[in-house]
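Colleague: Give me the fold of what follows.
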Amino acid sequence: MSGGSQMTYVHKFEMNTKGRDFVVGDIHGNFSKLMAVLKEVNFSLYDDRLFSVGDLVDRGPENEDMINFTESGIFFPVRGNHDDFAIRYHRIGKMDDDHYRRNGGGWFIDLVPEMREILVQKLERLPFAIEVETINGRVGIIHADVPCPDWNDLEQYLANKGYRQRAMWARDRFGLQDDTPVSGIDHVVVGHNCHPTVMTLGNVHHIDTGGWLPEDYFGRFTLLEISKPGVF
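Modeller: Residues are numbered from 1 along each chain as shown. Down below sits the predicted model:
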């Protein structure tokens, strides 16, 4: 990886020459479910890499495990709106506790401030976007949507707080079924909008298929193997 400083909004990864690269949809504190899915694909802890579209926390039971997994050396998430919720709750305050609890944040509200600080420091290291070199070309990963027409301008756009919010929150493309491709990148993988199947709009692939949902909702984690030739 290059550009790992905290002020770098887009982290870039070179091609994985040893193993496979996967991207997983929103996780929301379901660490055990995620581990089970990785086992199903014989994920190698030594050669493979797991990228994530963000939303590691809230709604599920194993939020601290998910945050600590970011230090494993094999798991590379971007920052989702729920991850940002935790950061803002701790750093800024002035949030509606009831609203945050309704959105799954009770686990974080109930932590002692010292533990919140430890976890927030780890979440603050997450970039807003990731770019990976693959056999299928350059693959961008961002939580909700690319807030500019050309991926090559993204670092510059993300210096603005409003565009960072759009990167984590925007639902326009999904809601309008907008299939306008993002320029300057071969493929983009996003989460944020839950859908029963993977949906592709232009060159943007929506992979939050609800692996974090209760079992009676029949959600599942999508592991998109971006290093597999022709997967897109």
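
Colleague: What ranges does the chain have for its helices?
Modeller: Remark: helices assigned in the chain by DSSP state H are 31-40, 63-69, 81-91, 97-102, 106-109, 113-123, 154-157, 161-169, 172-176.

Colleague: can you dump the C-alpha coordinates of the fourth one into PDB?
Modeller: Extracted C-alpha coordinates of helix 97-102, given in PDB (Å, rounded to 0.1, in the frame of the first residue of the first chain):
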ATOM      1  CA  ASP A  97     -28.800   9.400  21.600                       C
ATOM      2  CA  ASP A  98     -32.200   7.900  20.800                       C
ATOM      3  CA  HIS A  99     -31.700   8.300  17.100                       C
ATOM      4  CA  TYR A 100     -28.200   6.700  17.300                       C
ATOM      5  CA  ARG A 101     -29.600   3.800  19.400                       C
ATOM      6  CA  ARG A 102     -32.400   3.200  16.800                       C
END
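
Colleague: For residue 228, give me its contacts.
Modeller: 20, 135, 136 (Cβ atoms under 8 Å, 6 or more residues apart in numbering). Yep, even glycine has a C-beta here, placed from its N, CA and C like the rest.

Colleague: could the helices of the chain be laid out in JSON lines, adding mean neighbour count, mean pLDDT and distance to residue 46?
Modeller: Shown next, in JSON lines, are the helices of the chain (neighbours: other Cβ atoms under 10 Å; pLDDT from 0 to 100; distance: least, Cβ to Cβ, whole Å):
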{"stretch": "helix 31-40", "mean neighbour count": "16", "mean pLDDT": "97", "distance to residue 46": "13"}
{"stretch": "helix 63-69", "mean neighbour count": "20", "mean pLDDT": "98", "distance to residue 46": "16"}
{"stretch": "helix 81-91", "mean neighbour count": "21", "mean pLDDT": "96", "distance to residue 46": "27"}
{"stretch": "helix 97-102", "mean neighbour count": "12", "mean pLDDT": "92", "distance to residue 46": "38"}
{"stretch": "helix 106-109", "mean neighbour count": "18", "mean pLDDT": "96", "distance to residue 46": "32"}
{"stretch": "helix 113-123", "mean neighbour count": "15", "mean pLDDT": "97", "distance to residue 46": "23"}
{"stretch": "helix 154-157", "mean neighbour count": "19", "mean pLDDT": "97", "distance to residue 46": "31"}
{"stretch": "helix 161-169", "mean neighbour count": "17", "mean pLDDT": "97", "distance to residue 46": "32"}
{"stretch": "helix 172-176", "mean neighbour count": "14", "mean pLDDT": "93", "distance to residue 46": "36"}
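
Colleague: So which of those is nearest residue 224?
Modeller: helix 31-40 (11.9 Å; Cβ to Cβ).

Colleague: counting contacts, what elements does the closest one pack onto?
Modeller: helix 63-69 (3 or more Cβ pairs under 8 Å, 6 or more residues apart in numbering; DSSP states H and E).

Colleague: Can you tell me what sits against the helix it packs on?
Modeller: The contact list for helix 63-69, computed with Cβ under 8 Å, 6+ apart, reads 27, 29-31, 34, 56-57, 60, 75, 107-108, 119, 122-123.

Colleague: likewise stretch 153-169?
Modeller: 8-10, 54, 79-81, 84, 128-129, 140, 142-148, 184, 192.

Colleague: at 7 Å what do you get?
Modeller: 9-10, 79-81, 84, 128-129, 142-148 (Cβ atoms under 7 Å, 6 or more residues apart in numbering).

Colleague: Quote the end-to-end distance of that stretch.
Modeller: 19 Å (Cα to Cα, to the nearest Å).
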